[in-house]
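J.: Below: sequence and its predicted model.
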Amino acid sequence: MAGNTSLAAILMLLAGVQAQQSVTLSSQSLCAVTGSTVKISCKYTTPDYYSVSKKEWYQLQNSDGEERVLTYIPGRVSVSTWWNDCDLTVRDVRVRDSGVYNFRFRTSSSDWISASSGVNLTVTELQVKVDHKTAGQRKVKVICSSTCSLREKLYYNWYRRNMRFESHIRDNFILLNSKSLSDEGSYSCEVSDGSMWRRSKPVCKSQTWPVRQHQTEEY
């Protein structure tokens, strides 16, 4: 009887210790534009008397669900190491960085501890689109957009035939004359939050403004 009581006490103690170990992430999903910086806030907790033997961020690839442990790349991928912080920062994000990210750690007496669900990061490119409401009109509204919600108070640059013709404007659109030969060519937009510029792929304009991806021009 005493042996059963001791075993139950040990199991309760271990369960209590396990409950004190956790990972907390700031959000469940993030969306970012290519070239921007993404920060995932993270905290982990564990009793002081348990030493952390290993900790790492890993990514679940969208395509096959396979885990990929992140490699810390100076200047691009970094992790905060202050006390129990585990913030992940990824700079100059690319579309291939999309996926589910999670942090985990283990101690000398526990298996891996991680958040119940990771953070789903979606990275998308800027796009130049024509407002369909203005299609066929003399003045066509051309918009710099993204599937992510762009923050307010951004700066925009516009390029025609790879040459800038509008700089540091607050609006995310321009109005062009659909019949003007001088407006012919490829267009791209550039957006900045004041620290870094990100630029879209160029899009071609014809006189009737069907918009198609430009396949040959580089920028």
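T.: Alright, I've got the coordinates.
J.: check which helix or strand covers the residue nearest the centre of the chain.
T.: The residue at the geometric middle of the chain, judged as the C-alpha nearest the mean C-alpha position with C-alpha atoms, centre = their mean, is A32 (3.7 Å). Here A32, judged by DSSP states H and E, is contained in strand 29-33.
J.: and if you look at R198?
T.: Since the elements are taken from DSSP H and E, R198 ends up inside strand 197-199.
J.: quick one: average pLDDT of the following helix or strand past that strand?
T.: Under the assignment DSSP H and E, the closest C-terminal helix or strand after strand 197-199 is strand 203-205. Mean pLDDT, computed over strand 203-205, is 78.
J.: Same check on stretch 152-170?
T.: Averaging pLDDT along stretch 152-170 gives 91.
J.: Ok, stretch 173-185 next?
T.: 85.
J.: ok, and what's touching it?
T.: 131, 136-144, 158, 160-161, 166, 204-209 (C-beta atoms under 8 Å, 6 or more residues apart in numbering). Bear in mind the C-beta positions are built from the backbone N, C-alpha and C, glycine included.
J.: which neighbours does the strand holding A32 have in its sheet, and in what orientation?
T.: Within its sheet, and counting by DSSP bridges, strand 29-33 is paired with strand 119-124 (parallel).
J.: list the buried ones in the partner strand?
T.: 119-121, 123 (16 or more other C-beta atoms under 10 Å).
J.: Just flag the most distant two among those residues.
T.: Looking at the buried residues of strand 119-124 by C-beta to C-beta, the two members farthest from one another are V119 and V123, with 12.6 Å of separation.
J.: and D193, what pLDDT?
T.: D193 carries a pLDDT value of 72.
J.: could you show me where the helices are in the chain, in order?
T.: Applying DSSP state H to the chain gives helices spanning 2-19.
J.: Look at the residue lying closest to T46 once chain neighbours are set aside and report its pLDDT.
T.: Nearest-residue entry for T46: Q21, 4.6 Å, with adjacent residues in sequence omitted and distances by C-beta to C-beta, 6 or more residues apart in numbering. Here, the pLDDT recorded for Q21 equals 92.
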